[in-house]
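A.B. asks: Quick one, structure for this:
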Amino acid sequence: MTSTVEKLSASLLCLSLACAVPQLIAKKKDQPAPSANEQKRAVHALNRLTFGPRPGDVQQVMAIGVDRWIDDQLHPEKISDSTMDARLAPLRTLHMSSKEIMEEFPDGAMIQQVMNGKRRMPSDPERRAIYQVQIARREEKRERKSEKQAAVVTQPSAAAEAPAPTMNQGAAPEPPSAAEGAKTAEELAAAAAASPDPQPATPAESAMNMMSAPTTVSTADNTSPSATPAPQVETKMSPAEQAEAQRREDRLYTDLKIQSIADMPADERYKKILAMPADDQIAFANAMRGGKGQDFLAGMNPAQREVLQAMNNPQGVVVDELAQAKLLRAIYSERQLEEVMTDFWFNHFNVFVGKGPERLLLTNYEQQVIRPHALGKFEDLLVATAKSPAMLFYLDNWLSVGPNSMQALGIPARPGRGGPYRYPRMDRPNAKRKQNSGLNENYGRELLELHTLSVNGGYSQRDVTEVAKVFTGWTIDRPNDGGGFEFDARKHEPGPKFVLGHRIKPKGEEEGREVLHMLATSPQTAHFISLKLAQRFVSDDPPPALVDRMAKTFEKKKGDIREVLSTLFHSPEFWAENTYRAKVKTPLEFVASAVRATGADVQDATPLARQLNNMGMQLYGAQPPTGYSMKAETWVSSAALLNRMNFALSLTSGKVRGVKVDTAQLAGDSSTPDAAIELSAMEAKLLAADVSKQTHDSIVAQLQTPSKNAKPPDANTMAGLLIGSPEFQRR
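C.D. replies: Residues are numbered from 1 along each chain as shown. You can find the predicted model right below:
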């Protein structure tokens with residue numbers, strides 16, 4: 001086990017390397033990297049077009065030829081990626097529609113429908129167990145609330161409790177005798193000993209205490225040892241206290257039941273849990289919530305694990321599997337550029353996992369909206385996001401109602417009279433508008449500012465309002481059932497609109513398509529999208545000439561993303577010496593590149609997702625529509641980089657659960673280990689030997705430490721220090 005001195009020594013080295021990162025990044029602008037020979041071209045291409053090189057990738061790209069490899073990445077359909085299917089197969093939610101996800105992993109609205117009798121309880125025992133637990137939790141919560149309200153109503157007032165006035169009411173009360181005080185203390189102690197223990201030492205002891213706990217407390221009003229005992233007065237527990245005591249007793253017995261099946265074979269254990277009554281299943285789900293029930297999942301197949309986890313948190317299963325898939329694809333997919341661009345576009349068209357049912361909509365959004373268009377036409381991607389239930393919900397457009405629409409005016413639909421886009425006259429000043437109907441400008445504003453033209457794109461507030469009117473009626477069909485896009489003519493604002501100086505004729509849904517086409521083909525949009533792509537692949541402040549050339553390609557090729565990227569990757573600016581390892585990695589890029597560089601075997605990607613939470617980049621967790629920043633200033637600080645160093649050391653020492661790293665392979669598997677040789681081998685494999693003298697000397701100093709109490713860093717520590725080094729922080 002590592003000694004305290006060793007830990008202190010490693011911490012000091014971590015601090016030294018981490019604190020050096022901001023300065024080295026700043027110096028990078030003035031100190032060009034070595035000339036880009038073929039190996040460096042391969043390293044550079046891998047660092048920019050992928051989530052980082054794996055062992056052997058540099059040699060493979062050089063053998064293919066860098067330019068040919070880039071062309072293959074621009075056409076992912078040419079690349080076999082069959083191994084990903086096997087890795088993603090256990091994540092069943094990836095293969096479900098939004099409707100199926102909502103039915104199998106219900107949210108609060110779906111549970112409430114079952115409770116209200118508007119939807120049938122599933123007959124399938126597995127799905128039924130998920131619903132049973134969620135319903136029982138809601139009923140218990142409602143019961144507690146009712147008990148609390150009843151206790152408040154029935155509690156006597158202070159005036160009612162006060163004794164009747166007496167002649168000597170103002171006199172000071174006589175102090176109790178010593179005997180009375182002692183007896184009262186003894187009774188209180190006895191009552192406390194008989195009360196239920198809120199934190200039992202063991203489930204068995206607590207269960208026994210529960211069974212023997214009295215429901216009344218006796219007191220005696222004896223003023224002296226010789227006095228005649230007063231009548232016994234029983235102070236009963238309130239109904240709420242009795243109910244809570246009963247619940248606690250039931251849970252203690254349930255804990256004992258759960259412990260009794262812990263050693264059963266996995267299949268038998270699974271069947272036993274499904275056969276439990278709802279109260280017992282709640283206790284099991286609560287144990288899973290605290291992490292104590294993880295042992296019950298051992299040996300179970302993915303579908304069984306999924307059901308038991310869903311009993312605790314149905315929506316959490318969906319988000320967890322989506323996060324695992326994102327990390328597994330970033331780490332293992334051969335179609336790396338497609339993964340990079342899927343992440344880029346999701347961030348550009350960001351939606352937030354924490355807003356209502358978004359948890360159940362994200363899977364479809366990333367897989368069916370973003371991914372298929374990641375290297376296609378920008379206009380197709382723009383239209384797909386505009387119609388996505390995830391985007392419609394996130395920016396509230398599904399609720400947007402035109403101020404003069406039929407719905408806002410309370411005019412009932414009249415089928416067959418005038419067609420879908422002919423509205424009644426709107427010159428009725430006394431028309432009564434429905435409450436809670438209104439125009440929502442969220443999507444209109446973000447469409448112009450973040451998705452297309454940019455904040456400096458030349459639009460006005462009036463344009464925002466007019467665009468919002470255009471998209472009234474773009475809503476969600478049966479939102480509680482996982483429905484898709486629907487155009488509701490009754491919500492749509494009638495009449496012409498004026499956007500960016502163009503008159504949009506009234507034609508219902510087609511108005512939105514016309515505006516999206518106008519924005520997708522705008523020169524301002526071409527420049528803005530080209531700028532963001534250049535910031536991702538070249539530098540935080542890319543050369544204007546490069547952005548202009550990319551924008552021209554964007555316009556000429558009608559928004560073909562693949563063609564714009566080809567212009568970028570074949571530009572001299574992309575290959576300039578001062579771009580080599582000049583981009584600071586985001587936490588996602590850092591974690592994925594660390595796992596790829598070490599050749600780690602990931603059996604469970606969830607702990608990696610938790611590491612990203614610690615680094616401030618929760619997957620799908622960017623709340624504002626701007627998404628996460630790609631710029632160094634957001635991620636470079638001593639505290640943040642120390643977190644990265646801690647992760648690197650945990651990864652290489654095998655302390656990240658579900659991830660295995662073979663550092664011996666990185667060190668060269670030498671039969672006669674030599675620290676200096678191992679370090680040299682690791683520098684070549686992890687960083688293509690691009691290690692600064694400062695980093696190398698810092699690690700060598702640890703290898704040659706004169707301290708008698710501290711051992712030199714082993715292979716695990718050396719690998720961790722290199723991954724946490726300033727050089728590895730950049731791509």
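A.B. asks: So in the protein, which helix runs the longest?
C.D. replies: helix 125-154 (DSSP state H).
A.B. asks: which strands and helices sit next to it?
C.D. replies: Secondary-structure packing of helix 125-154 (3 or more C-beta pairs under 8 Å, 6 or more residues apart in numbering; DSSP states H and E): helix 98-104, helix 108-115, helix 239-260, helix 266-274, helix 278-289, helix 302-312. For the C-beta atoms, the positions are set from N, CA and C on the backbone; glycine is no exception.
A.B. asks: Contact partners for residue 302?
C.D. replies: 89-92 (C-beta atoms under 8 Å, 6 or more residues apart in numbering).
A.B. asks: before we move on, the earlier item: worst average pLDDT in the helices and strands packed on helix 125-154?
C.D. replies: Note on the helices and strands packed on helix 125-154: lowest mean pLDDT is at helix 239-260, with a mean of 65.
A.B. asks: how about the helices in the stretch 451-600 of the chain?
C.D. replies: Taking DSSP state H, counting those that start in this stretch as the criterion, the stretch 451-600 of the chain carries its helices at 461-470, 509-520, 523-537, 544-556, 561-569, 587-598.
A.B. asks: Below-threshold pLDDT in this structure: ranges please.
C.D. replies: 1-36, 153-236, 238-244, 246-259, 289-295, 414-437, 669-673, 705-712 (pLDDT under 70).
A.B. asks: just the strands in it please.
C.D. replies: 216-219, 233-236, 474-476, 485-487, 497-499, 502-504, 601-602, 659-660 (DSSP state E).
A.B. asks: so how far is residue 725 from the closest residue to residue 663 other than its chain neighbours?
C.D. replies: In space, residue 663 comes closest to residue 715 once its chain neighbours are excluded; the distance is 4.4 Å by C-beta to C-beta, 6 or more residues apart in numbering. Residue 715 is 16 Å from residue 725, where distance means C-beta to C-beta, to the nearest Å.
A.B. asks: So which of the contacts of residue 302 is the closest to residue 443?
C.D. replies: Using C-beta to C-beta, residue 91 is the member of the contacts of residue 302 that lies nearest residue 443, at 30.6 Å.
A.B. asks: contacting residues around that closest one?
C.D. replies: So residue 91 contacts 302, 321, 324-325 (C-beta under 8 Å, 6+ apart).
A.B. asks: Please convert the buried members of the residues you listed into PyMOL selection syntax.
C.D. replies: Remark: buried members of the contacts of residue 91, expressed as a PyMOL selection using 16 or more other C-beta atoms under 10 Å:
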select buried, resi 321+324+325
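A.B. asks: Turn the contacts of residue 91 into JSON lines, including distance to residue 485.
C.D. replies: JSON lines is the format used below for the contacts of residue 91 (distance: C-beta to C-beta, whole Å):
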{"residue": "302", "distance to residue 485": "31"}
{"residue": "321", "distance to residue 485": "24"}
{"residue": "324", "distance to residue 485": "28"}
{"residue": "325", "distance to residue 485": "24"}
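A.B. asks: so where do the helices sit in the stretch 301-450 of the chain?
C.D. replies: 302-312, 314-332, 336-348, 358-364, 378-387, 389-394, 406-409, 442-446.
A.B. asks: which of those sits most buried?
C.D. replies: Stretch with highest mean neighbour count among the helices of the stretch 301-450 of the chain: helix 389-394 (a mean of 25; mean count of other C-beta atoms under 10 Å).
A.B. asks: what about dumping the CA coordinates of that one to CSV?
C.D. replies: Only the C-alpha atoms of helix 389-394 are listed here, as CSV (Å, rounded to 0.1, in the frame of the first residue of the first chain):
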residue,chain,number,x,y,z
PRO,A,389,-39.9,16.8,-29.8
ALA,A,390,-36.8,17.2,-27.7
MET,A,391,-36.2,20.7,-29.2
LEU,A,392,-39.8,21.6,-29.3
PHE,A,393,-40.1,20.8,-25.6
TYR,A,394,-36.7,22.3,-24.5
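A.B. asks: who's in contact with it?
C.D. replies: Under C-beta under 8 Å, 6+ apart, the answer for helix 389-394 is 98, 349, 351-352, 355-358, 361-362, 364-365, 369, 385, 397-398, 443, 474-476, 479, 483-485, 625.
A.B. asks: Please indicate which of those residues are buried?
C.D. replies: Buried, going by 16+ other C-beta under 10 Å: 98, 349, 351-352, 357-358, 361-362, 364-365, 369, 385, 397-398, 443, 474-476, 479, 484-485, 625, out of these.
A.B. asks: Quick one: closest of the helices of the stretch 451-600 of the chain to residue 296.
C.D. replies: That would be helix 587-598 among those, by C-beta to C-beta, at 28.1 Å.
A.B. asks: Off-centre distance for that closest one?
C.D. replies: 18 Å (C-alpha atoms, centre = their mean, to the nearest Å).
A.B. asks: What helices and strands are in contact with it?
C.D. replies: helix 314-332, helix 606-614, helix 638-652, helix 675-687, helix 715-723.
A.B. asks: Residue 715 and residue 725 - which one has more neighbours?
C.D. replies: Legend: neighbour count by other C-beta atoms under 10 Å for residue 715 and residue 725, higher for residue 725 (29 against 22).
A.B. asks: do you know how far that one is from residue 83?
C.D. replies: Counting by C-beta to C-beta, the gap from residue 725 to residue 83 is 30 Å.
A.B. asks: before we move on, what about residue 361?
C.D. replies: Distance from residue 361 to residue 83, by C-beta to C-beta: 28 Å.
A.B. asks: now do residue 94
C.D. replies: Relative to residue 83, and taking C-beta to C-beta, residue 94 is found at 15 Å.
A.B. asks: Which one of the two is surrounded by more residues?
C.D. replies: Using other C-beta under 10 Å as the criterion, residue 94 and residue 83 rank with residue 94 on top: 17 against 11.
A.B. asks: so what's that one up against?
C.D. replies: By C-beta under 8 Å, 6+ apart, the neighbours of residue 94 are 88, 321-322, 325, 363, 367.
A.B. asks: one more time with 7 Å, if that's ok
C.D. replies: Counting by C-beta atoms under 7 Å, 6 or more residues apart in numbering, residue 94 makes contact with 88, 321, 325, 363, 367.
A.B. asks: Just put the residues you listed in TSV and tack on distance to residue 619.
C.D. replies: Formatted as TSV, the contacts of residue 94 follow (distance: C-beta to C-beta, whole Å):
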residue	distance to residue 619
88	16
321	12
325	10
363	13
367	14
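A.B. asks: nearest to residue 406, of those?
C.D. replies: residue 363 (34.6 Å).
A.B. asks: Not including adjacent chain positions, what is the nearest residue to that closest one?
C.D. replies: residue 322 (5.3 Å).
A.B. asks: Now for that neighbour: which residues touch it?
C.D. replies: Counting by C-beta under 7 Å, 6+ apart, residue 322 has contacts 362-363, 366.
A.B. asks: likewise residue 449?
C.D. replies: Counted by C-beta under 7 Å, 6+ apart, residue 449 has contacts residue 455.
A.B. asks: cool, and the one 4 residues further on?
C.D. replies: By C-beta under 7 Å, 6+ apart, the contact list for residue 453 reads 459, 519, 522, 524-525, 528.
A.B. asks: wait, doesn't residue 519 sit right on residue 528?
C.D. replies: No: if you go by C-beta atoms under 7 Å, residue 519 and residue 528 don't touch, sitting 10.4 Å apart.
A.B. asks: Give the residues shared as contacts by these two.
C.D. replies: Common neighbours of residue 519 and residue 528 (C-beta under 7 Å, 6+ apart) are 452-453.
A.B. asks: give me the number of residues near the closest residue to residue 129 other than its chain neighbours?
C.D. replies: Excluding its sequence neighbours, the residue lying closest to residue 129 (C-beta to C-beta, 6+ apart) is residue 274, at 5.3 Å. Residue 274 has 17 neighbouring residues, counting by other C-beta under 10 Å.
A.B. asks: So what does residue 661 look like in phi/psi?
C.D. replies: Dihedral pair for residue 661: phi -120, psi 130, per degrees, to the nearest 10.
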